[in-house]
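> Let me see the structure of the following:
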Amino acid sequence: MPWSNSYSFILKQLTIARFPKLLCIQVQRASLNMFGESVKLSGHIAFPLVLDLSLFSPSSIGLNIEKNDMSQYLNPEASSRNHGGMYRLVTVVEHFGMTGSGHYTVYRSVRVASQEEEDCEELRWFSISDSEVGRVSESDVLGAEASLLFYEKL
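Take a look at the predicted model:
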């Protein structure tokens, strides 16, 4: 009870029934201060190049969702692609400025054919800001103060 001085243990659990092909994660960067004014929450939040969400699948925690199985209504290719929970970072969106104004920069990965090995691809990162496009390092991308993260299913 809210007026009680006792504490309770609460557990919140999240499971993902079917992993999407593209996963978008929004980092909450806006808040209200004690005067009710909108402020930007700055600071770096670490994010991985490869994201493993397999621990959030129903099978990893012993849940059986066969009772509500909708696979008969799905494309068989689509349902077989959705069992693993591994994702690769493909896009990072970074905001510069305040909550009411500013500028967005996008970091985008592009797969290109390897110069050194045949039948192999390299991953290159580019920064896109208005009409300017330039190559950036992986560490530049990982150092961004991300507002949006886009992950592609492996």
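
> all helices of the chain, in order?
76-81, 138-142 (DSSP state H).

> among those helices, where is the model least confident on average?
Sorting those by mean pLDDT places helix 76-81 lowest, at a mean of 45.

> Can you give me the distance of residue 121 to residue 145?
Counting by CB to CB, to the nearest Å, the gap from residue 121 to residue 145 is 29 Å. Every residue, glycine included, has its C-beta placed from N, CA and C.

> Of those two, give the one with the bigger neighbour count.
Applying other CB atoms under 10 Å to residue 121 and residue 145 shows that residue 145 carries more neighbours, namely 16 against 11.

> Double-check that one against residue 40; I have them as touching.
No. The pair residue 145 / residue 40 is not scored as a contact, 9.7 Å apart, by CB atoms under 8 Å.

> so what sits against both of those two?
Residues touching both residue 145 and residue 40 (CB atoms under 8 Å, 6 or more residues apart in numbering) are residue 95.

> By average pLDDT, which secondary structure element in the protein comes out worst?
The weakest-scoring helix or strand in the chain, judged by mean pLDDT, DSSP states H and E, is helix 76-81 (a mean of 45).

> Only the C-alpha atoms, please, for stretch 104-115, written as CSV.
Extracted in CSV, the C-alpha atoms of stretch 104-115 (Å, rounded to 0.1, in the frame of the first residue of the first chain):
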residue,chain,number,x,y,z
TYR,A,104,20.2,15.2,-36.3
THR,A,105,23.1,13.2,-37.7
VAL,A,106,22.8,9.7,-38.9
TYR,A,107,25.5,7.0,-38.8
ARG,A,108,24.7,4.2,-41.3
SER,A,109,26.5,1.0,-42.0
VAL,A,110,27.0,-0.2,-45.6
ARG,A,111,28.1,-3.6,-46.7
VAL,A,112,30.6,-3.5,-49.6
ALA,A,113,32.5,-6.2,-51.4
SER,A,114,35.9,-6.8,-49.9
GLN,A,115,38.9,-5.7,-51.9
